[in-house]
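Enquirer: with the input below, show me the fold.
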Amino acid sequence: QVQLVESGGGSVQAGGSLRLSCVASGLTFSNYAMGWFRQAPGKERDFVAGIMWSGDNTHYADSVKGRFTISRDNAKNTVYLQMNSLKPEDTAVYYCAAPSAYRALMKVPGGYNYWGPGTQVTVSS
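Expert: As a prediction, the model looks like this:
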């Protein structure tokens, strides 16, 4: 079965950086767009960034543009989220997700079939 497992979360001070990783198994990774979402306590799960199959097409939420970078290594079945200049409002559980194979990148959670368990990111001021 498909499994997505995130890692790399933690606690940092404002202005710091973290790199999240998500390793996928049980699917032909290069056939899937991948997305990162986040959910803060009491809030909805929001799109953060997404990347198409070959990695040459990326999309970002306005709130993270210029600070976060999504990338992927299809040989390692891994998608990354480099997060720089972190702010307290970036505090959330971060999830990676995959839609159906060959499906275009979606910016809503309902467009994704597979989810990781999430990794906590906490940014202190």
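
Enquirer: how about residue 84: what's its closest non-neighbour residue?
Expert: Setting aside the residues directly before and after it, residue 84 is nearest to residue 17 in space (Cβ to Cβ, 6 or more residues apart in numbering), at 4.7 Å. Yep, even glycine has a C-beta here, placed from its N, CA and C like the rest.

Enquirer: I meant to write residue 26 there.
Expert: Residue 26 sits nearest to residue 2 (Cβ to Cβ, 6+ apart), 4.2 Å away.

Enquirer: in this protein, which residue is closest to the centre?
Expert: residue 36 (2.2 Å; Cα atoms, centre = their mean).

Enquirer: that older thread, isn't the residue nearest to residue 84 up against residue 83?
Expert: Yes: using Cβ atoms under 8 Å, residue 17 is in contact with residue 83, at 6.2 Å.

Enquirer: between the two, who's got more neighbours?
Expert: Comparing residue 17 with residue 83 by neighbour count (other Cβ atoms under 10 Å), the higher total belongs to residue 83, at 26 against 11.

Enquirer: now the more buried one. Its backbone dihedrals?
Expert: Dihedral angles of residue 83 (phi, psi; degrees, to the nearest 10) stand at phi -120, psi 110.

Enquirer: residue contacts, it?
Expert: Residue 83 makes contacts with 17, 18, 19, 20, 64, 67, 68, 90, 121, as judged by Cβ atoms under 8 Å, 6 or more residues apart in numbering.
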